[in-house]
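Peer 1: Quick one, what's the 3D model for this:
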Amino acid sequence: MSQSDDWNASARRVYFGLLDDWNRQDAAAMAARFAERGSLVGFDGSAIDGRACIESHLKPIFDAHPTPCFVAKVREVRRLGSGQTLLLRAASAIDPQLNAVQTMILSLMDGAYRVEMFQNTPAAFHGRPEDAEKLSAELRELPRPDGV
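Peer 2: I've put the predicted structure just below:
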């Protein structure tokens with residue numbers, strides 16, 4: 001495996017692991033993927049900074065609300081710096097009203113990639129219903145998480 005394949009595959013593992021943690025409603029596992037000072041911008045625009053705060057934010061969501069399961073299609077993995085930071089962009093969701101475009105920036109820390117920033121933006125495509133339907137059609141073709 002080339003060095004390029006390694007960081008690309010690592011970014012994908014972190015991203016799909018993060019989605020799996022969400023689908024299992026595991027706030028601690030999801031937060032553990034973040035850098036100590038990592039940041040999360042949620043679907044509703046909530047901005048949360050720091051691993052402990054991310055876990056504290058997610059736990060009551062998982063405890064009190066039914067959350068949708070997500071599938072994803074990675075659009076791009078791009079190396080940003082000298083092997084230290086990566087950018088992963090993807091679109092994801094099963095319910096078309098919950099489709100999102102997600103962006104994740106990773107840093108290599110002590111041999112493991114950690115999430116520095118994860119942003120989850122609604123894919124509303126205002127005034128472009130054909131783009132919204134195109135995304136939904138792509139996502140319907142993806143395998144579903146167990147139990148969905």
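Peer 1: Assign residue 106 to helix, strand or coil.
Peer 2: At residue 106, secondary structure determined by DSSP: H, G, I helix; E, B strand; the rest coil is strand.
Peer 1: Quick check, it in contact with residue 12.
Peer 2: No. Using C-beta atoms under 8 Å, residue 106 is not in contact with residue 12, being 10.5 Å away. Any C-beta I mention is one placed from the backbone N, CA and C, and that applies to glycine too.
Peer 1: residue contacts, residue 67?
Peer 2: With C-beta atoms under 8 Å, 6 or more residues apart in numbering as the criterion, the residues that contact residue 67 are 22, 25, 61.
Peer 1: what about it, which SS state?
Peer 2: Of the three states, residue 67 takes coil according to three-state DSSP.
Peer 1: does residue 63 count as helix, strand or coil?
Peer 2: Per three-state DSSP, the local secondary structure of residue 63 is helix.
Peer 1: sorry, back to before: residue 106 and residue 12 - which one has more neighbours?
Peer 2: Each of residue 106 and residue 12 has its neighbours counted (other C-beta atoms under 10 Å); residue 106 has more, 28 against 16.
Peer 1: For the more buried one, give its distance to residue 11.
Peer 2: Plainly put, residue 106 is 6 Å away from residue 11 if you go by C-beta to C-beta, to the nearest Å.
Peer 1: what is in contact with these two at once?
Peer 2: Common contacts of residue 106 and residue 11, defined by C-beta under 8 Å, 6+ apart, comprise 86, 88, 113.
Peer 1: Can you say which of those residues are buried?
Peer 2: In terms of neighbour count (16 or more other C-beta atoms under 10 Å), the buried residues within these are 86, 88, 113.
Peer 1: can you give me the helices in this protein?
Peer 2: Shown for the chain, the helices assigned by DSSP state H span residues 3-23, 27-32, 51-64, 129-140.
Peer 1: Quickly list what's touching both of residue 106 and residue 12.
Peer 2: Shared contacts of residue 106 and residue 12, defined by C-beta under 8 Å, 6+ apart, comprise residue 88.
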